[in-house]
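Enquirer: Here you go, sequence then predicted model.
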Amino acid sequence: MLAVLALPATAHASEDEQLWTTASATVKLGEHWRLSQEVVARFSDDRKGLYEIESNTLVGYKLSKAVTIWAGYTHDPQYAGGDFTVMEHRGRQQVTFDNIARIGPVSVSARMRMEERWREGVDGTAWRLRPYVKLVMPFREGGKTALVLSHESFFDLNKTNFQRVQGEERMRNLIAITTPVAKNVNAEIGYLHQHGFRRHADDSNDNVASVSLSFSF
């Protein structure tokens with residue numbers, strides 16, 4: 001667990017304070033099929049307000065109780081101070097592994113995500129891989145309120161005019177509390193640290209207040 005919360009050491013880094021708000025819904029379409037819709041709005045001090053609205057639509061097929069394959073599309077307009085700057089489109093494919101292991105009271109889940117990214121008016125297709133692992137520890141046996149620890153790395157597989165780092169480009173580490181707030185509705189509130197690796201500039205550190213609601217039907 002300590003490795004999940006470890007922050008990379010760096011002598012110089014830029015800092016930003018951010019707020020990320022997320023709403024997501026997963027709908028059971030049948031025995032195997034699922035539909036997922038997620039919207040994330042991100043706000044930044046350095047970028048003077050809203051800088052991204054990420055809308056993710058995915059269709060999933062459950063191969064087993066633990067394994068689901070997903071594919072879909074991300075619509076990702078970006079902003080500066082609330083003013084539109086560029087439109088990004090993404091293809092997204094992923095495999096999720098739910099509760100694949102236990103370490104005492106802690107359940108372990110994981111995900112492997114591949115993305116292809118395009119920006120309007122900019123040449124090139126940017127490919128990246130995003131491995132993710134999550135640990136969930138209920139505060140009491142059988143309880144629904146739990147501590148969440150997660151880690152995600154971003155590995156850029158090529159370079160384009162807008163994807164300029166080949167290799168690990170950033171990582172996200174989250175510590176949060178998740179709890180049900182109504183039937184089929186969960187809330188998660190926590191702190192996320194996003195560290196960006198830069199080849200010819202100071203690394204970046206984003207300190208993020210993360211608030212999300214998830215619905216399941």
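Expert: That came in fine, so what should we check first?

Enquirer: helices and strands of the protein: which one bottoms out on pLDDT?
Expert: Using mean pLDDT, DSSP states H and E, the weakest-scoring helix or strand in the chain turns out to be helix 2-5, at a mean of 42.

Enquirer: now the closest residue to Gly121 other than its chain neighbours: how far from Tyr191?
Expert: Once flanking residues are discounted, Gly121 sits nearest to Val86: 7.4 Å by Cβ to Cβ, 6 or more residues apart in numbering. For every residue, glycine as well, the C-beta is placed using N, CA and C. For Val86, the distance to Tyr191 equals 28 Å [Cβ to Cβ, to the nearest Å].

Enquirer: mind checking which helix or strand the residue nearest to the spatial centre of the chain is in?
Expert: Nearest to the centroid of the C-alpha atoms of the chain, with distances taken as Cα atoms, centre = their mean, sits Glu152, at 7.3 Å. Here Glu152 is covered by strand 146-156, with elements defined by DSSP states H and E.

Enquirer: ok, that strand: who's next to it in the sheet?
Expert: Applying DSSP bridges, strand 146-156 is found paired with strand 122-138 (antiparallel), strand 167-182 (antiparallel).

Enquirer: Where is the longest strand in the protein?
Expert: Longest strand in the chain by number of residues (criterion: DSSP state E): strand 83-103.

Enquirer: Beta-bridge partners for the residue nearest to Gly121, please?
Expert: Residues in a beta bridge with Val86, per DSSP bridges, are Gln78.

Enquirer: so which strand or helix has the residue located most distally from the centre of the chain?
Expert: For the chain, the largest distance from the centre (Cα atoms, centre = their mean) belongs to Glu141, which lies 27.7 Å off. Here Glu141 is covered by no helix or strand, with elements defined by DSSP H and E.

Enquirer: residues contacting it?
Expert: By Cβ atoms under 8 Å, 6 or more residues apart in numbering, Glu141 lies in contact with Pro105.

Enquirer: And it, how far from Gly104?
Expert: Counting by Cβ to Cβ, the gap from Glu141 to Gly104 is 11 Å.

Enquirer: Repeat that for Thr178.
Expert: In this structure, Thr178 and Gly104 are 18 Å apart, going by Cβ to Cβ.
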